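Peer 1: give the three-dimensional model of this entry:
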Amino acid sequence: MTMPDDPFGDAYRCVHESGAEPGVTHLVYEMDDGYIYAEDAVNYFHGPETWLPVDRMACERATGRILDIGCGPGRHGSVLARDGKDVVGIDTSRGGVEVARLRGVEAHVASVSELPEDLGTFDTFLMLGANLGLLGDQENSRAVLEGLARHARPGARLLGTNMAFAEESRADPRAPQGVHTARAHSGEEFVRMRVRHRTAATDWFDFLFCPPERLEKVTHGTPWTVHAIHQDDSTAWPTYLADLRLES
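Peer 2: So this is what the prediction gives:
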């Protein structure tokens, strides 16, 4: 059976094998409107001093047993583990999981929409690096949030970060080029994209850039409620941390 392409994993392996040297390899993000940009894959190996402030804040607030969703090569999980936190990572990238394990993270190949039953339960769920966008559209977000609730301990919280593109910010020159072309999809703002590394590419997927004021809609009818929003307008484009709490 042919294995699916794993551009993230291929890039992470290259960087890890180089000793995290900058400029070794890049990930290429391709939007379906034709816009393309590249990112040095070494960014996924940098420490907390380079993270978005909202990601640092989330890691500081994570307690108990932690599930790092979309852990990649352990950008956040390796730091949490090194600090003595009980952290487990999941990612759909086999290469990402392989590198995360090498960096000290208990990591598993899994999707947030199909969590393995034997993962156990958690006090904190992290969706960092704008990974709150993995919730997807209204139907998918409900299924994801219900799935997380089945793995949640009483009083659990979900700490996720995203980019706060309000309607008027679509033309904001600070926003990453291409993001302002996000189309309305099921009432939310999406960018349709894929990621490439050399000859490998992901399938096309929709990534949600959900303004914080719409999170009430995204979480409506799920076991989670929006407890607090922490916005940061000091970054190159607005970001925020959403603190969701499991309803008792």
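
Peer 1: centroid residue for this protein?
Peer 2: Central residue of the chain (Cα atoms, centre = their mean): Asn131, 2.1 Å from the mean position.

Peer 1: for this structure, where's the lowest mean pLDDT among helices and strands?
Peer 2: Ranked by mean pLDDT, DSSP states H and E, the helix or strand of the chain with the weakest confidence is strand 183-185, at a mean of 41.

Peer 1: partners of the top strand by length along the chain, with directions?
Peer 2: Across the chain, the strand with the greatest residue count (assigned by DSSP state E) is strand 152-163. Applying DSSP bridges, strand 152-163 is found paired with strand 122-127 (parallel), strand 239-246 (antiparallel).

Peer 1: deepest in the core, which of the ones you listed is it.
Peer 2: Most buried of the strands paired with strand 152-163, by mean neighbour count (mean count of other Cβ atoms under 10 Å): strand 122-127, with a mean of 24. Using the backbone N, CA and C atoms, a C-beta is placed for each residue, glycine as well.

Peer 1: list the contacts of that one.
Peer 2: Here strand 122-127 makes contact (Cβ atoms under 8 Å, 6 or more residues apart in numbering) with 58-59, 61-70, 76, 88, 112, 134-135, 148, 151-153, 155-161.

Peer 1: buried subset of those residues?
Peer 2: Neighbour counting by 16 or more other Cβ atoms under 10 Å classes 58-59, 62, 65-70, 76, 88, 112, 134-135, 148, 151-152, 156-161 among the contacts of strand 122-127 as buried.

Peer 1: tell me the spatial nearest neighbour of Tyr12, not counting adjacent residues.
Peer 2: Sequence neighbours aside, Pro73 is the residue nearest to Tyr12 in space, at 4.1 Å (criterion: Cβ to Cβ, 6 or more residues apart in numbering).

Peer 1: thought that neighbour was touching Arg101?
Peer 2: No: the criterion here is Cβ atoms under 8 Å, and Pro73 misses it with Arg101 at 9.6 Å.

Peer 1: separation between Glu146 and Thr63?
Peer 2: 23 Å (Cβ to Cβ, to the nearest Å).

Peer 1: please disregard the earlier target; I meant Asp91.
Peer 2: Computed with Cβ to Cβ, the distance linking Asp91 and Thr63 is 22 Å.
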